[in-house]
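Participant: give me the fold of what follows.
(chains A and B)
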Amino acid sequence: MRTRLAAVAAATALVALTVGCSSDEEPAAQPSSTTTAAPAPSTTTASATTPPPTTEANQVISVAVTAGTVTPAPAAVDVTLGSTVVIEVTSDVVDELHVHGYDKTLALPAGQPARLELPATIPGQFEVELHEGGQLLFTLRVS
Amino acid sequence: MPVLAHGIGGRSDLPIPVWLAMYAGAMAVLVSFFAVVAFWPRPKLTGDAPGRALPAALQRVADATATRVALRVFGVAALAVFLGAAWFGPDRSADNPAPTWFYVWFWVGLVPASILLGPVWRLVNPLRAITAVLLAARGGRPLYGGRDGAGGRDGADGLEADGRGGEKDDGRDADGSSAEAWLRRVGYWPAVAGLFAFVWLELVSVGPDSPRTVALFVTVYCLVNVAAGVVFGVGWFTRCDGFEAYSSLLARLSPFGRRAADGRLILRNPLDGLAGLPAAPGLVALVCVVLGSTAFDGLSRTAPWRRLVNGAEPLRYVSLGTIGIVASIAAVAAIFLGALWSSGPEMRPSAFAHTLVPIGVGYTVAHYFSLAVFQGQAGYLLAGDPFGRGWDLFGTDGVPIDYLVVSTSLIALVQVGAIIAGHIVGVIAAHDRAVAVLPRHTARRGQYPLLVAMVLYTSMGIGLLVGT
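Facilitator: As a prediction, this is how the structure comes out:
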């Protein structure tokens, strides 16, 4: 009885280990996220000259908020640690975007897209939400 | 922290890698089987082991009136500063330290403080001090019932029975005080209500991190408990004050204890301390509320839940959350009670409630470790200007939270380690109690249902870490 139970336990553990080592992590559902080859212009352009083109691709996350509903539905967006991500939000009412953790805010005019460039330097999962409406737009997953 | 929180809880941990989750799950199963097969056949934990007495000098300092008074004064002062900042400081949690003090320093901080040092909240609890002052005019006599049987001195109020855990309290009082009799009958149930109100506020309500919300909750909580203390005596706080009951529950795992026989402070095996948790009505419910609410905290951060509450207006959001937290607590309770019921009549829930405490601690550490390390910084970074007047008492004005002070790898290891360690301690405690109450020939078979329940809890805990 003792040996049998121990054997079952060892077998279970072995199976679990094998499964664990071979399975991949599930890819997270992403809202519309496109990668552009050219650098996106900064939202606070002070000088007339455009910044020199870099070889880095910037990830763009686009979200629209209409009548309180967020499109696409909130999900986790994976971003590489150290890259720069561009968040583009179009809200039908005046509101304010807030990125937790990074503590960045962006004023959103009614009906017009607004862009925020964010260097993803802190790892973790951060909620991106609207101050007035309170809606969660998406969760930024930096790793 | 739920979705609509502004200043607190906006950052959560990365999901742990699946391989780590599988290793952890396999370890949990392995340990559980090994425990049943190979662990000791007769019980070793009595709950009142003599332990090793601490130096007499330390005992004198700990028991000195000056120490006790200083701790109480500190408690009252801390409450006053907290309420001042919460009511009169800025109304944004990003600028006001009070919500961080409450949810992180106090609620999360009680866990390591109690486990390492013992029932700290019982010594610091300002509500006890306030009640004692109010009752002083009556010579310490509570309003309900005649004599002051229910709780004069700290830690020796006649209701704390350090000893053989698992024995059911029969409700009869020894010395005829009706307040004490009522307290024995009602057990931990008021604490269950108080803690449920707190976790509901923290996890379900809209905008729980707002300083005024926190101020209102704490004020009402203080008023209700002080009123109850005036009616039933200072002994009310031992098992009926949610936070004190929680702290005392955790303190059973502390290496520091007090010997029942002579009141000496001792160094003891935490497992023995855990085994000595005194049973009383409502204990199982108390542990289930703690474990269930932490599970709901994890559940509310998963993508399916987020989609469910997406765009919900406040009433629907709160309704969904209430159903969710009640369901989580009920599920934890159902698994526990169902497992014990199927094991046989000797496996009484009150005798095994203590085995859920380490699992609850594992869950709490896993979910709140990074919150403590990161959000906890706001407690002192913002403390330099608690009333929003532009002060800078500690030179921390404008300093942001340092999110790089611990790595995400370390966080993941702590999370998984805590869940597994909680599981192992729970399994050991359950095994020892099972061989104490079960007849020899059914000792092995009778343990399986509870072990399966624990593996289930641990798998759920690990699953919540992967599934965020």
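Participant: how close does A:V128 get to A:E88?
Facilitator: A:V128 sits 12 Å away from A:E88 when distances are taken as CB to CB, to the nearest Å. Every C-beta, even on glycine, is put in place using the N, C-alpha and C of the backbone.
Participant: looking at chain A, which helix or strand is least sure?
Facilitator: Between all helices and strands in chain A, the lowest mean by mean pLDDT, DSSP states H and E belongs to strand A:33-36, at a mean of 40.
Participant: for the stretch 351-468 of chain B, which spans come out with low pLDDT?
Facilitator: Applying pLDDT under 70 to the stretch 351-468 of chain B flags the ranges B:468.
Participant: chain A contacts on that one?
Facilitator: By CB under 8 Å from any CB of the partner chain, the part of the stretch 351-468 of chain B that sits against chain A consists of B:S370, B:P400, B:Y403, B:L404, B:S407, B:T408, B:T468.
Participant: residues of the stretch 1-150 of chain B that sit close to chain A?
Facilitator: Where the stretch 1-150 of chain B comes near chain A, counting by CB under 8 Å from any CB, the residues are B:3-4, B:6, B:10-15, B:17-19, B:21-23, B:25-27, B:29-30, B:33-34, B:36-38, B:94.
Participant: 6 Å - rerun?
Facilitator: B:3-4, B:10-12, B:14, B:18-19, B:22, B:26, B:29-30, B:33, B:37 (CB under 6 Å from any CB of the partner chain).
Participant: what subset of those is buried?
Facilitator: By neighbour count, with 16 or more other CB atoms under 10 Å in any protein chain shown, the residues of the stretch 1-150 of chain B next to chain A hold B:3-4, B:10-12, B:14, B:18-19, B:22, B:26, B:29-30, B:33, B:37 as buried.
Participant: secondary structure and pLDDT for those residues - can I get that in a markdown table?
Facilitator: As requested, these are exported to a markdown table (DSSP: H, G, I helix; E, B strand; the rest coil; pLDDT from 0 to 100):
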| residue | secondary structure | pLDDT |
| --- | --- | --- |
| B:V3 | coil | 35 |
| B:L4 | coil | 37 |
| B:G10 | coil | 79 |
| B:R11 | strand | 87 |
| B:S12 | strand | 86 |
| B:L14 | coil | 90 |
| B:V18 | helix | 88 |
| B:W19 | helix | 89 |
| B:M22 | helix | 87 |
| B:A26 | helix | 89 |
| B:V29 | helix | 87 |
| B:L30 | helix | 86 |
| B:F33 | helix | 83 |
| B:V37 | helix | 79 |
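Participant: buried stuff in the next helix-or-strand element following the least confident helix or strand of chain A?
Facilitator: Going down the chain from strand A:33-36, the next helix or strand is strand A:58-66, by DSSP states H and E. Along strand A:58-66, the positions that meet the burial threshold by neighbour count (16+ other CB under 10 Å) are A:N58, A:Q59, A:V60, A:I61, A:S62, A:V63, A:A64, A:V65.
Participant: nearest to chain B, of the residues you listed?
Facilitator: If you rank the buried residues of strand A:58-66 by distance to chain B using CB to the nearest CB, A:V65 comes first, at 9.5 Å.
Participant: wait, the closest one touches A:V94, no?
Facilitator: No. Counting by CB atoms under 6 Å, A:V94 is not a contact partner of A:V65; they are 11.4 Å apart.
Participant: quick one: B:P255 and chain A, what's the gap?
Facilitator: Distance of B:P255 to chain A, computed by CB to the nearest CB, to the nearest Å: 31 Å.
Participant: which element is B:L127 on?
Facilitator: Assigned by DSSP H and E, B:L127 belongs to helix B:126-136.
Participant: coming back round to it: the residues of the stretch 351-468 of chain B next to chain A: which two are farthest apart?
Facilitator: Distance extremes for these: the farthest pair is B:P400 and B:T468 at 23.8 Å, using CB to CB.
Participant: who's more crowded, these two?
Facilitator: A count of neighbours by other CB atoms under 10 Å in any protein chain shown puts B:T468 above the other of B:P400 and B:T468, at 19 against 11.
Participant: quick one on the thing from earlier: now pLDDT too, for the buried residues of strand A:58-66, in JSON lines please.
Facilitator: Conversion of those to JSON lines gives the following (pLDDT from 0 to 100):
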{"residue": "A:N58", "pLDDT": "83"}
{"residue": "A:Q59", "pLDDT": "89"}
{"residue": "A:V60", "pLDDT": "92"}
{"residue": "A:I61", "pLDDT": "92"}
{"residue": "A:S62", "pLDDT": "93"}
{"residue": "A:V63", "pLDDT": "92"}
{"residue": "A:A64", "pLDDT": "92"}
{"residue": "A:V65", "pLDDT": "90"}
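Participant: enumerate the residues of the stretch 201-350 of chain B near chain A.
Facilitator: Contact residues, the stretch 201-350 of chain B versus chain A (CB under 6 Å from any CB): B:R306, B:R307, B:N310, B:G311.
Participant: quick one: which of the residues of the stretch 351-468 of chain B next to chain A is most hemmed in?
Facilitator: Comparing those on neighbour count, B:S370 comes out first with 23 neighbours (neighbours: other CB under 10 Å).
Participant: wait, that one touches B:S12, no?
Facilitator: No. The pair B:S370 / B:S12 is not scored as a contact, 7.8 Å apart, by CB under 6 Å.
Participant: grab the nearest non-local neighbour of residue 97.
Facilitator: If you meant another chain, say so; for now it's chain A. Nearest in space to A:L97, with sequence neighbours left out and distances taken as CB to CB, 6 or more residues apart in numbering or on different chains, is A:L106 at 4.2 Å.
Participant: not quite, I wanted chain B
Facilitator: Taking CB to CB, 6+ apart as the measure, B:P97 lies nearest to B:L382, with 3.8 Å between them; neighbours along the chain are not counted.
Participant: how many neighbours does that neighbour have?
Facilitator: What B:L382 shows, counting by other CB under 10 Å, is a neighbour count of 27.
Participant: where's it relative to chain A, distance?
Facilitator: 13 Å.
Participant: likewise B:P126?
Facilitator: As for B:P126, its distance to chain A is 33 Å (criterion: CB to the nearest CB).
Participant: and that residue, what pLDDT?
Facilitator: With respect to pLDDT, B:P126 has a value of 97.
Participant: list the contacts for B:G242?
Facilitator: B:A191, B:G194, B:L195 (CB atoms under 6 Å, 6 or more residues apart in numbering or on different chains).
Participant: try B:L183
Facilitator: So, once contact is read as CB under 6 Å, 6+ apart, B:L183 ends up touching B:F232, B:G235.
Participant: am I right that it is in a strand?
Facilitator: No. Read with DSSP: H, G, I helix; E, B strand; the rest coil, B:L183 is helix and lies in no strand.
Participant: quick one, grab the pLDDT at it.
Facilitator: Spelled out, the predicted local distance difference test score at B:L183 is 93.
Participant: kindly report the same for B:G151.
Facilitator: B:G151 is assigned a pLDDT of 45 by the prediction.
Participant: excluding its backbone neighbours, what's nearest B:P281?
Facilitator: The spatial neighbour of B:P281 that comes closest, neighbours along the chain excluded (CB to CB, 6+ apart), is B:G187 at 3.2 Å.
Participant: the helices in chain A, which residues?
Facilitator: Ranges of helices within chain A are A:2-22, based on DSSP state H.
Participant: looking at it, the residue nearest to B:P281 is touching B:V284, isn't it?
Facilitator: No. The pair B:G187 and B:V284 does not pass the contact test of CB under 6 Å, sitting 10.3 Å apart.
Participant: all set now, cheers.
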